[in-house]
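[1] Got a predicted structure plus its sequence, pasted below:
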Amino acid sequence: MAKDTPPRWDRRMQQRLARGEAAALGELYDRFASLVHSQAQRVLDDDAAADAVTREVFGYVWENPDGYDPKQGSMKSWVAKVTHRQAVLRLRQTETAAYEAGGGDARDVDPAQAAELEQKVRRASAAARADFIVTSMPAPLRAALDLAYHQRRSCRETAEDLGVTEEETRRRLRLGLQLLSTAANTPPDGRAL
C-alpha cells in the first residue's frame with residue numbers, strides 16, 4: 001500500500017490532482033478509501049456517516065490538492081488527517097444536533113455534556129489513530145504484534161513463526177507497542193503532541 005510507495009508517487013499524485021485528472025482521483029480512492037472509511041467508522045460508529053465522511057474527504061482532496069505538503073509527510077498521512085478532522089467535525093455536529101433536538105440550545109450546553117463529548121472525541125480519535133498506526137507500521141512489526149497479542153502466542157512461539165530470534169521478536173514487539181502508545185497522545189484536533 002502507500003507505506004511502500006515512494007514520496008515521488010505522492011508528489012506526482014498531487015500534480016495530477018491539481019491538473020484535474022479524474023483518473024488520479026480514482027487511483028487515490030482505490031488506494032485509500034478503505035483507510036478513510038474505517039477511520040471515519042471508528043470515530044463515528046455509524047456506517048452511513050462514515051460513507052458521507054468518505055465522500056467529503058475525497059471531495060476535499062479533489063478540490064484542494066495544494067493542501068497536501070510533501071514536506072509534512074506522506075499523502076496517506078495527509079488523507080488520514082483530513083479524515084480525522086472531518087469525522088470529528090461530523091461527530092460534534094451530530095452531538096450538537098441531538099442536543100438541540102432534545103430542546104436544548106447549543107449555546108447553553110451543560111459543561112458536563114461538553115466534557116463528555118470531548119472525552120468521546122478523544123477516545124474515538126485515539127482509536128482511529130491506533131488503527132492508522134497499525135495499518136501504517138512495517139509488516140514485520142504488525143506480524144509480531146498480531147501473533148503475540150491477537151493470537152496469544154508466547155515470545156518463543158512468535159519467534160519460531162516469524163523465523164527470527166526471540167531477541168528480534170522482543171525488539172519488534174517493543175517498537176510496535178511504542179508506536180501504538182503514541183495513539184493516546186493525540187488531541188481532538190488531530191495534531192500529535
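    Nice, thanks for sending it over.
[2] C-alpha from now on. contacts and neighbour counts both.
    Fine.
[3] Mind telling me what element the residue most central in space within the chain is part of?
    Nearest to the geometric centre of the chain sits residue 132, at 4.1 Å (C-alpha atoms, centre = their mean). When elements are assigned from DSSP states H and E, residue 132 belongs to helix 111-136.
[4] same question, residue 35
    Using DSSP H and E, residue 35 falls in helix 22-44.
[5] Please list all residues in contact with the residue nearest to the centre of the chain.
    Residues near residue 132 by C-alpha atoms under 8 Å, 6 or more residues apart in numbering: 35, 39, 80.
[6] From the contact counts, what lies against the helix holding residue 35?
    helix 7-18, helix 47-63, helix 75-101, helix 111-136 (3 or more C-alpha pairs under 8 Å, 6 or more residues apart in numbering; DSSP states H and E).
[7] distance between the worst-scoring helix or strand of the chain on mean pLDDT and the chain's centre?
    Using mean pLDDT, DSSP states H and E, the weakest-scoring helix or strand in the chain turns out to be helix 111-136, at a mean of 74. Distance, stretch centre to chain centre, for helix 111-136: 11 Å (C-alpha atoms, centre = their mean, to the nearest Å).
[8] tell me which residues in the next helix or strand after it are buried?
    Next helix or strand after helix 111-136 toward the C-terminus (DSSP H and E): helix 139-145. Of all the residues in helix 139-145, those buried under the rule 16 or more other C-alpha atoms under 10 Å are 141, 142, 143, 144, 145.
[9] how close does the nearest residue to residue 88 once chain neighbours are set aside sit to residue 28?
    Spatial nearest neighbour of residue 88, excluding adjacent residues (C-alpha to C-alpha, 6 or more residues apart in numbering): residue 121 at 6.6 Å. The gap separating residue 121 from residue 28 is 27 Å, by C-alpha to C-alpha, to the nearest Å.
[10] Then residue 64?
    With the distance defined as C-alpha to C-alpha, residue 64 ends up 14 Å from residue 28.
[11] which one of those two has more residues nearby?
    residue 28 (22 against 13; other C-alpha atoms under 10 Å).
[12] residue contacts, the more buried one?
    residue 13.
[13] One more pass at 10 Å, please.
    By C-alpha atoms under 10 Å, 6 or more residues apart in numbering, the residues touching residue 28 are 2, 10, 13, 14, 17, 22, 58, 61, 62, 75, 76, 79.
[14] what's the answer for residue 59, then?
    Contacts of residue 59 (C-alpha under 10 Å, 6+ apart): 25, 53.
[15] Fine by me, thanks again.
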